[in-house]
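1. Have a look at this prediction, sequence included:
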Amino acid sequence: MKKLYRSNSNKVFAGILGGLGEYYEIDPVLLRLFAVAIIMMTGFFPGALAYIIAIFIVPQSHSGSN
């Protein structure tokens with residue numbers, strides 16, 4: 001069973017979107033562009049708050065790569 005982890009190797013800020021990219025086998029750059037668009041469309045605060053909450057909810061990966 002696959003589990004969602006924050007990425008250690010593919011991260012820009014906290015590894016949330018890198019981990020999502022590894023989990024769903026999607027290029028993390030596309031996820032980052034989508035996240036920036038969502039954050040801008042929601043008026044910054046709701047999208048940024050969701051990202052900050054995800055930092056605390058999604059566990060850090062134990063290995064360099066999942």
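-> The structure has been received and is ready for your questions.

2. where does this protein have low pLDDT?
-> Residues of the chain that meet the criterion pLDDT under 70 lie in 63-66.

3. Please enumerate the helices of it.
-> 16-24, 28-41, 45-57 (DSSP state H).

4. Give me whichever of those is most buried.
-> The highest mean neighbour count among these, using mean count of other Cβ atoms under 10 Å, belongs to helix 16-24: a mean of 21. Glycine gets a C-beta too; all of them are placed from N, C-alpha and C.

5. measure L17 to I52 for me?
-> Going from L17 to I52 by Cβ to Cβ, to the nearest Å gives 13 Å.

6. re earlier: could the helices of the chain go into CSV alongside distance to K2?
-> Shown next, in CSV, are the helices of the chain (distance: least, Cβ to Cβ, whole Å):
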stretch, distance to K2
helix 16-24, 6
helix 28-41, 16
helix 45-57, 17
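
7. Distance check, Y51 against M1.
-> 25 Å.

8. nope, I53 is what I was after
-> Separation of I53 from M1 (Cβ to Cβ): 24 Å.
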